[in-house]
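Undergrad: quick one, what's the 3D model for this:
(2 chains)
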Amino acid sequence: MEIASSFTTVLSSQPFFVPTIVTALCLLLTLFAFTTVRSISSKPSKSDVDACDFAASAEKKAGGGCDCVCKCTSPEMVEKVNSAAVIAAERQTGASMMEQLVPEITTHALSYLDYPSLCRLSMTNSLMRKAANDDNAWKALYHKDFTWEQDSVTPTNGWKAYYAATRAIVNINNDFFNIIRERSLPAMSRFWLNADFVKCVHASGELFSGYNAVIQSWQLAFNWEHGVNFQGVNFQVRDVRARVMSDMAWVSMKTFVDMDSGPFNVTNTFEFHNGRWYMVHHHSSVMAIDGDVEQQLVHA
Amino acid sequence: MSNQSESPNPTSSSNKITLKTSDNEVFEVEEAVAMKFCTVKQYFDDENNNNVTSGTSTTLIPLPNVESHPLAILITYCKKHLEIKANNADNKKEMEIDMEHYEREFLKNVMPQELTELILAANYLNFKEALDFFCRAVASAIQNKSVEYVRKFFGLESDFKPGEEEKLREEFAWSFEGVDED
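TA: Next comes the predicted model:
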């Protein structure tokens, strides 16, 4: 419901100052109408008409306490505007339309916004902030962008925070594969947590334990004509599923290389230290071929 | 049907359906158009089932939650939708291009205010394609736009306390990358 109310309540957030607000809005909306309606019409008169409409709606939204400041009845204008905006202005329905929008619809509309846009929407004013921070909208966005799994999860800090955390970890997980594609040992060295407990299980089945051993194993892999795990660098990563807690995260995925090797099931684990995520575990193993690999490739 | 006497008695009632809005305007639309409105379709089907025994047929369907203005726009949109679909029955890609083009033109004549009316009407009529389209339209109108533009679009005024907005902008500084020009 938040966005519904916010779309409009914005116009009427303080019913006690209705006259002031209406006046201010008239000015604002005239400006708005003038700037936006120009694309529809080059005639200033139309802008005036639309400004009237908006002023009237604003007044209506503000509780209908005072008379419409202007009536736009010129048939010529009405015809020119070619929209029912004017009619809408003269229709007094009482409750504002935005307030009537059910939460499902607002979530639906917000779910088409990308993450930065939703973030900016939340900065327009406090009501929009409430709407844009609506947990359902962020949950919908999470499911759309990441996974339908974790439906029963209740993130401690809400879905917006969980969305942001998931996005961050998915990006970092992508970095891991970019490092492999570029065979950059310095980058891989920075990527891992320098600790004696980190472990790396390559697809060959070899286990490397401790920071130095793990980094050496990557050095070996990068130096080979073809990497140990990833023959060629054109592998694809699919079905990325991330689970993020406050200072640890694990990501599972499938990697598809070529017909000779793989596909692989991969799990990466990260820990959060000193303001950034570090890899602490990587496990890659050949996926059991049971005839549905091709199907997965098609569906992925 | 108590309202039936008000029906304008359509000439070709076989494939026309009459809709009456909350502000008492009567629209005569082709059955194919009306059937895209699932709420109307449901009503129509129920009526037909009930009338099998009585032998009467209902041509007027009241829409107490829809006003004439949004309905007129929805009917136009629906007609065009069906037309584009029919013209490109064997080419989905072509159809999508046509539809996109039409929708872009369509939005040029719609005020933000009207969009809300249209969403409500489409929602009540359960006209899914239109509801999707209008929700997308609301989103795309503010997608990748600056905070100031969004404020202007919705007619919003900032009510943040001094410093509050600056703090938010600092916190979400990354969200200002690559924003469209107003």
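
Undergrad: low-confidence ranges, the stretch 51-200 of chain A, go.
TA: Scanning the stretch 51-200 of chain A with the threshold set as pLDDT under 70 gives A:51-104, A:107.

Undergrad: run through the strands of it in chain order.
TA: For the stretch 51-200 of chain A, the strands defined by DSSP state E, counting those that start in this stretch occupy A:199-201.

Undergrad: now chain B
TA: Counting by DSSP state E, chain B has strands at residues B:16-21, B:26-30, B:60-63.

Undergrad: kindly export the longest one (C-alpha atoms) in PDB.
TA: Meaning strand B:16-21. The C-alpha trace of strand B:16-21 is given here as PDB (Å, rounded to 0.1, in the frame of the first residue of the first chain):
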ATOM      1  CA  LYS B  16     -21.500  -6.800 -29.900                       C
ATOM      2  CA  ILE B  17     -21.500  -6.400 -26.200                       C
ATOM      3  CA  THR B  18     -22.600  -3.300 -24.400                       C
ATOM      4  CA  LEU B  19     -20.800  -2.000 -21.400                       C
ATOM      5  CA  LYS B  20     -22.100   0.600 -19.000                       C
ATOM      6  CA  THR B  21     -19.700   2.600 -17.000                       C
END
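
Undergrad: quick one: that strand to chain centroid distance?
TA: Centre-to-centre, strand B:16-21 and its host chain are 17 Å apart (C-alpha atoms, centre = their mean, to the nearest Å).

Undergrad: ok, the last one next?
TA: Computed by C-alpha atoms, centre = their mean, the separation of strand B:60-63 from the middle of its chain amounts to 18 Å.

Undergrad: what is that strand packed up against?
TA: If contacts are counted by 3 or more C-beta pairs under 8 Å, 6 or more residues apart in numbering or on different chains; DSSP states H and E, strand B:60-63 sits against strand B:16-21, helix B:38-54. C-beta coordinates here come from the backbone N, C-alpha and C atoms, glycine included.

Undergrad: so which of these gets nearest residue A:186?
TA: Residue A:186 lies closest to helix B:38-54 among the helices and strands packed on strand B:60-63, at 59.7 Å (C-beta to C-beta).

Undergrad: look through the chain and tell me its longest helix.
TA: Answering for chain A, as no chain was given. Counting residues, the longest helix found in chain A (DSSP state H) is helix A:158-182.

Undergrad: nope, chain B please
TA: helix B:68-87.

Undergrad: one step back: reformat the helices and strands packed on strand B:60-63 as JSON lines; add distance to residue A:242, mean pLDDT and mean neighbour count.
TA: Shown next, in JSON lines, are the helices and strands packed on strand B:60-63 (distance: least, C-beta to C-beta, whole Å; pLDDT from 0 to 100; neighbours: other C-beta atoms under 10 Å in any protein chain shown):
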{"stretch": "strand B:16-21", "distance to residue A:242": "49", "mean pLDDT": "88", "mean neighbour count": "21"}
{"stretch": "helix B:38-54", "distance to residue A:242": "38", "mean pLDDT": "77", "mean neighbour count": "13"}
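
Undergrad: just to revisit the earlier point, who's in contact with the longest helix of chain B?
TA: Helix B:68-87 is contacted by residues A:84, A:87-88, B:19, B:21, B:23, B:25, B:27, B:29-30, B:32-33, B:36-37, B:63, B:95, B:98-99, B:102, B:106, B:110, B:114, B:117-118, B:120-122, B:125, B:127, B:129-130, B:133 when judged by C-beta atoms under 8 Å, 6 or more residues apart in numbering or on different chains.

Undergrad: off-centre distance for that helix?
TA: Chain-centre distance of helix B:68-87: 9 Å, with C-alpha atoms, centre = their mean.

Undergrad: I'd like the mean pLDDT over it, please.
TA: On average, the pLDDT along helix B:68-87 is 92.

Undergrad: tell me what angle that helix forms with strand B:16-21.
TA: When axes from the mean of the first three to the mean of the last three C-alpha atoms, to 10 degrees is applied, the directions of helix B:68-87 and strand B:16-21 differ by 150 degrees.

Undergrad: care to break chain B down by domain?
TA: Chain B resolves into domains spanning B:2-142, B:147-176 when parsed by automatic domain parsing.

Undergrad: how about the last one: buried residues?
TA: Within domain B:147-176, the residues that qualify as buried are B:147, B:149-156, B:158-159, B:165, B:168, B:172, B:175, counting by 16 or more other C-beta atoms under 10 Å in any protein chain shown.

Undergrad: for residue A:188, find the nearest of the helices and strands packed on strand B:60-63.
TA: helix B:38-54 (55.4 Å).

Undergrad: is chain A within reach of that closest one?
TA: No. Against chain A, helix B:38-54 shows no contacts by C-beta under 8 Å from any C-beta of the partner chain, the least distance being 14.9 Å.

Undergrad: other SSEs contacting that helix?
TA: Under the contact definition 3+ C-beta pairs under 8 Å, 6+ apart, helix B:38-54 sits against strand B:16-21, helix B:31-34, strand B:60-63, helix B:112-125.

Undergrad: can you mark which positions in the last one are buried?
TA: Residues of helix B:112-125 classed as buried by neighbour count (16+ other C-beta under 10 Å): B:112-125.
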